[in-house]
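Peer 1: coordinates for the following, if possible.
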Amino acid sequence: GTAQVTNTSTQVLYEYTSLPSWIKRLTFIGGGVSTNGTSLLGLQLGTSSGYKTSGYNGSSNTATRTTSFAIDSDVNNASAVRTFQATLILLDSPGTWTCISTSARSDTNQTTQGGGNVVLSGTMDRIKIFTANAVDVFDGGIVNILYEG
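Peer 2: The predicted structure is shown next:
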């Protein structure tokens, strides 16, 4: 994918669309990612019908999620800088995806692990990272994706 710099202070999400239908494994990577608030970060998958906003079966150290995969947990500091990797693997066609994530934070030396699965009704063709409260905006770092067939 193309790296997206997240220091615009105007966006609550970054997305990659028009993904190829042959993807079997996708890694979402972030470095130095921060926001102007304390909102958790979420990762959602989507099809041509839009993003899947429910039915996620997953959690991270202290956060259980049903609306997205958790990238981090227990953010209580607006100066938190996150580095993370979330690996998604297609278990069956067209759309049972599993996610394993690891995130590190600079402000607390905290490492978070997460995981879960979600079933899509079709072929995944988009993915986004967002601030879970849809208010806090990204103000630093870079995100990118790597995918394999």
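Peer 1: what's the closest non-adjacent residue to the residue positioned nearest the centre of the chain?
Peer 2: Centroid-nearest residue in the chain: residue 43, 2.8 Å away (criterion: CA atoms, centre = their mean). Leaving aside its sequence neighbours, residue 43 sits nearest to residue 69 (CB to CB, 6 or more residues apart in numbering; 4.3 Å). C-beta: built from backbone N, CA, C; applies to glycine.
Peer 1: how about residue 118, what does it touch?
Peer 2: Residue 118 sits next to 45, 52, 55-58, 69, 96-97, 99 when contact means CB atoms under 8 Å, 6 or more residues apart in numbering.
Peer 1: and it, what pLDDT?
Peer 2: Looking at residue 118, its pLDDT reads 97.
Peer 1: same deal with residue 20?
Peer 2: Listed pLDDT for residue 20 reads 97.
Peer 1: from now on call the first residue 38
Peer 2: New numbering, starting at 38: the last item is residue 57.
Peer 1: just checking, it touches residue 185?
Peer 2: No - the pair residue 57 / residue 185 is not scored as a contact, 10.4 Å apart, by CB atoms under 8 Å.
Peer 1: re the thing from before, thought residue 124 was touching the residue nearest to residue 80, still the case?
Peer 2: No - Residue 106 lies out of contact with residue 124 (CB under 8 Å); the separation is 10.6 Å.
Peer 1: neighbour count: the two, which is higher?
Peer 2: Ranked by neighbour count (other CB atoms under 10 Å), residue 106 and residue 124 place residue 106 first, with 30 against 16.
Peer 1: give me every residue that touches the more buried one.
Peer 2: Per CB under 8 Å, 6+ apart, neighbours of residue 106: 79-81, 93, 95, 123, 125, 136, 138, 151, 153, 155.
Peer 1: which ones among those residues map onto strands?
Peer 2: 79-81, 95, 123, 125, 136, 138, 151, 153, 155 (DSSP state E).
Peer 1: please enumerate the shared neighbours of residue 106 and residue 124.
Peer 2: With CB under 8 Å, 6+ apart, residue 106 and residue 124 have common neighbours 136, 138.
Peer 1: compare the contacts of residue 155 and tell me which is most surrounded.
Peer 2: Ranked by the number of neighbours (other CB under 10 Å), the contacts of residue 155 place residue 106 first, at 30 neighbours.
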